[in-house]
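Asker: 3D model of this:
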Amino acid sequence: MGTSWRARPAGPVVLAAVTAALLAGSGGSGVNPAPPLEARVVAEVARGGPDCLAREVLLELVGVEPAGSAPAASRSGAVPEGFEPVQVVLCRPGPLSPVEPEPRVVVPTVPAFPSAPAADASHDRRPTTATVEQVTLAGDISPLLTALARPSDAEDGRPCPAVWQSKPQIYLVDAGGGAVRPRWPVTACGFLRQGAADALAQLEEVSSVDLTAEIDLC
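Answerer: Numbering: from 1, shown residues only. Modelled structure (predicted):
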């Protein structure tokens, strides 16, 4: 099934939440391993602007990749030197809605010999529409940039909880419309460092639009 892209006027604001899901196993490297301090990757500038329906962004938001050939997100990482953001775009997860199947006309046939009924592959797939709210934030983004510039902790070999934590999915946008996906500073177990995302709450929401994409829940 292909990916369906469409926009509709913004609906009620959906409260952002940090999603946690239990995963099997635990170990010294943790479920969300932190990158080594010396391996700070610089984020790629997306000249086409932010895209909250990019494959990696949607996977982080809802835990499932979109169906079809969704575009790949720009590489996340440290804010490039000389990049001067003027606003922030927050990708916020919305509800999941089942897609109603189209009615099919079945023509009865009489087989020449009895045979086992053919398996219906449609029952193995559950098409669902995922909604993402693309919110534009404005205000003093200096505290956010300071928080993002903090280094991540290196892995120290201690066991980590077997829990997955979703990180806020944001784009920093400059005056020319270019956008970067910053990488959040994390602990040795891959969780957000305390207070890292607090600066987001200080920004003002100035506009939003709801976007949808089809995903397959198998």
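
Asker: please make it C-alpha for all contacts and neighbour counts, starting now.
Answerer: Noted.

Asker: for this protein, what helix or strand is lowest in average pLDDT?
Answerer: Ranked by mean pLDDT, DSSP states H and E, the weakest helix or strand in the chain is strand 20-22, scoring a mean of 34.

Asker: excluding its own residues, what touches the very next helix or strand once past that one? List them.
Answerer: From strand 20-22 onward toward the C-terminus, using DSSP states H and E, the following helix or strand is helix 55-62. Identification of contacts with helix 55-62 by C-alpha atoms under 8 Å, 6 or more residues apart in numbering yields 52, 64-66, 70-73, 92-93, 130, 166-167, 169.

Asker: 10 Å instead?
Answerer: Contacting residues not belonging to helix 55-62 are listed as 18-19, 51-53, 63-67, 69-76, 91-96, 130-132, 165-170, 181, 213, 215 [C-alpha atoms under 10 Å, 6 or more residues apart in numbering].

Asker: which of the residues you listed are buried? Put it as a PyMOL command.
Answerer: Buried residues among these (16 or more other C-alpha atoms under 10 Å), as a PyMOL selection:
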select buried, resi 51+52+53+65+66+67+70+73+74+75+76+91+92+93+94+96+130+131+132+165+166+167+168+169+170+181+213+215
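
Asker: next step: the contacts of helix 55-62 restricted to strands.
Answerer: Among the contacts of helix 55-62, the ones falling in strands (DSSP state E) are 91-96, 130-132, 165, 169-170, 213, 215.

Asker: in CSV, list those along with distance to L148.
Answerer: Below are these laid out as CSV (distance: C-alpha to C-alpha, whole Å):
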residue, distance to L148
C91, 17
R92, 19
P93, 21
G94, 25
P95, 28
L96, 30
A130, 28
T131, 27
V132, 23
Q165, 17
Q169, 13
I170, 11
A213, 29
I215, 31
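
Asker: dump those to TSV, plus distance to Q194 and pLDDT.
Answerer: Shown next, in TSV, are the ones in strands among the contacts of helix 55-62 (distance: C-alpha to C-alpha, whole Å; pLDDT from 0 to 100):
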residue	distance to Q194	pLDDT
C91	21	96
R92	20	94
P93	22	90
G94	25	82
P95	28	75
L96	30	69
A130	29	82
T131	28	88
V132	26	92
Q165	13	83
Q169	17	95
I170	18	97
A213	32	82
I215	33	77
